[in-house]
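**Student:** Sharing a sequence plus its predicted fold:
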Amino acid sequence: MIETSQRRIVIGDVHGHYDGLMKLMESIAPTSEDQVYFLGDLIDRGPKSSYVIDFVKENNYGCLLGNHEQMFLKIVTGDQISTSAMQTWLYGGGQATVASYDKGTIPKQHLEWLKSLPLYLDLGDIWLTHAGVDPERPLAAQTAEQFCWIREQFHRIEQPYFTDKLMIIGHTITFTFPGVSPGELVQGQGWLNIDTGAYHPRSGWLTGFDATNNIIYQVNIFNNSLRTLPLAEGVVIVPPDKIATRRHKQRA
């Protein structure tokens, strides 16, 4: 694989797995010329969410707001939080996030940084968001609900939302799509999903994607194994009508 300089590296959902992320970044070895972006869901479930935030923030890497950051901010900064909302966040990995902070005290700098995260990034020929978009709405009418949470309605899109951009997303674990094995990426109409389920016991794969050279970098957080392969060898193209019959479910 021949790589060009000034790579654009996109990292899938980390979910608090700082040690695995460090191993993945060592494998990718980004230079000062490379651009690195995270698709959101830095936090929850894994043991070191605060470390992940520190790393991304201090390195000034690009990062999007994911649904887990959105839940986190609502719980921590909201005035009137329902018991069900609190339970949803805690069940979705929030307890691990609080435990990753010294005495459970969340620094103001982290909260302000999380509040500043964008819902999408337009990089010209590639376009990043956490979950996707509502295919029936123009871009200006999309809200955080679509960018952070949408699943099947977007995945079943029959024509690319953008005619000149590849949309790269996370949010939905790839092996929940039909015919996809743990660790494989999923490609639909105009979009590529790189959330390979780092936290999930069926997978453990955390993915970084070199969008400039179409190279996949992966680390398995359970056994520390690494692999690097061309996109063509690690992606499954799933037609929209097959996505409509998806049976697997995942938590938020």
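**Tutor:** Everything's here; your move.

**Student:** can we go C-alpha only for contacts and neighbour counts from here?
**Tutor:** Noted.

**Student:** Quick check: phi and psi on Arg202?
**Tutor:** When read as degrees, to the nearest 10, the backbone of Arg202 gives phi -80, psi -10.

**Student:** ok, His17 - contacts?
**Tutor:** His17 sits next to Gly46, Pro47, Lys48, Ser49, Val52, Ala198, Tyr199, Ile221 when contact means CA atoms under 8 Å, 6 or more residues apart in numbering.

**Student:** Could you do Ile216 as well?
**Tutor:** By CA under 8 Å, 6+ apart, the contact set of Ile216 is Thr207, Gly208, Phe209, Asp210, Thr228, Leu229, Pro230, Leu231, Gly234.

**Student:** Inside strands: which ones of the residues you listed?
**Tutor:** Counting by DSSP state E, the contacts of Ile216 place Thr207, Gly208, Phe209, Asp210, Thr228, Leu229, Pro230 in strands.

**Student:** ok, the second one touching Val10?
**Tutor:** What that stands for is Gly208. Yes - the pair Gly208 and Val10 qualifies as a contact (CA atoms under 8 Å) at a distance of 5.6 Å.

**Student:** Comparing those two, which residue is more hemmed in?
**Tutor:** Counted by other CA atoms under 10 Å, Gly208 and Val10 do not tie: Gly208 has more neighbours, with 28 against 23.

**Student:** picking up where we left off before, just the ones in helices from the contacts of His17, please.
**Tutor:** Assigned to helices by DSSP state H, the following of those qualify: Ser49, Val52.

**Student:** Compare the contacts of His17 and tell me which is most surrounded.
**Tutor:** Ala198 (30 neighbours).

**Student:** Quick check: the gap between the nearest residue to it once chain neighbours are set aside and Val180.
**Tutor:** Closest residue to Ala198 apart from its sequence neighbours, by CA to CA, 6 or more residues apart in numbering: Gly204 at 4.1 Å. For Gly204, the distance to Val180 equals 15 Å [CA to CA, to the nearest Å].

**Student:** Please identify which of those two sits among more neighbours.
**Tutor:** Remark: of Gly204 and Val180, Gly204 carries more neighbours, 22 against 16, as counted by other CA under 10 Å.

**Student:** list the contacts for the more buried one?
**Tutor:** Gly204 makes contacts with Gly183, Thr196, Gly197, Ala198, Val219, Asn220, Ile221, Phe222, as judged by CA under 8 Å, 6+ apart.

**Student:** Buried ones among those residues?
**Tutor:** Neighbour-count burial (16 or more other CA atoms under 10 Å) is assigned, among the contacts of Gly204, to Gly183, Thr196, Gly197, Ala198, Val219, Asn220, Ile221.

**Student:** okay if I get those residues as a markdown table plus pLDDT?
**Tutor:** Below are those laid out as a markdown table (pLDDT from 0 to 100):
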| residue | pLDDT |
| --- | --- |
| Gly183 | 98 |
| Thr196 | 98 |
| Gly197 | 98 |
| Ala198 | 98 |
| Val219 | 98 |
| Asn220 | 98 |
| Ile221 | 97 |
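
**Student:** which among these gets closest to Pro240?
**Tutor:** Taking CA to CA as the measure, Pro240 lies nearest Thr196 of those, at 19.4 Å.

**Student:** these two touch, right, that closest one and Thr174?
**Tutor:** Yes - judged on CA under 8 Å, Thr196 makes contact with Thr174 at a distance of 5.3 Å.
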